[in-house]
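J.: requesting a structural model of the entry that follows:
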Amino acid sequence: MAKKLYVGNLSYDTTREQIHTLFSQAGKVAEITLITDRDSGRPKGFGFVEMETEAEAQEAIKRFNGQMLDSRALTVNEARPREERSSGGFGGGQRRDSRPGSRNRF
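T.: Model prediction:
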């Protein structure tokens, strides 16, 4: 079964091809996803690599966590499951002036 890895601290110039070439050294790469800003389309500096097997994923973590790519030390670890987002609105959080112990300043 395929195993998804988080790959962080990527240079904004790093390409999918570079990542594929690197991770192929640890096994078969099933998928690469580079995360971009939805408004600007610019890279966010992280992504996900899905390896074909658990063993290949563990080998990739062992080999590439801390490895330099485009003058950046990569962070490679198991990807956590995606958290559910609440639907609607722009996020929850209290207004600054309504928190306990805060002063109302206007």
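J.: ranges for the helices of the chain?
T.: 16-23, 54-64 (DSSP state H).
J.: now the first one, how far from the centre of its chain.
T.: Put simply, helix 16-23 sits 15 Å off its chain's centre (Cα atoms, centre = their mean, to the nearest Å).
J.: export that helix as PDB, just CAs?
T.: Coordinates of each C-alpha in helix 16-23 appear next as PDB, following Å, rounded to 0.1, in the frame of the first residue of the first chain:
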ATOM      1  CA  ARG A  16       8.700  18.000  -9.500                       C
ATOM      2  CA  GLU A  17      11.400  16.400 -11.700                       C
ATOM      3  CA  GLN A  18      14.100  17.200  -9.100                       C
ATOM      4  CA  ILE A  19      12.000  15.600  -6.300                       C
ATOM      5  CA  HIS A  20      11.200  12.600  -8.500                       C
ATOM      6  CA  THR A  21      14.800  12.000  -9.300                       C
ATOM      7  CA  LEU A  22      15.800  12.200  -5.600                       C
ATOM      8  CA  PHE A  23      13.000  10.100  -4.200                       C
END
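J.: circling back to that earlier point, in CSV: the helices of the chain, plus mean pLDDT and distance to residue 46.
T.: Where you see a C-beta, it was placed from the backbone N, CA and C, and this is true even at glycine. Output for those, formatted as CSV (pLDDT from 0 to 100; distance: least, Cβ to Cβ, whole Å):
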stretch, mean pLDDT, distance to residue 46
helix 16-23, 98, 11
helix 54-64, 98, 14
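J.: turn those into TSV, including mean neighbour count.
T.: Listed next are those as TSV, based on neighbours: other Cβ atoms under 10 Å:
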stretch	mean neighbour count
helix 16-23	16
helix 54-64	17
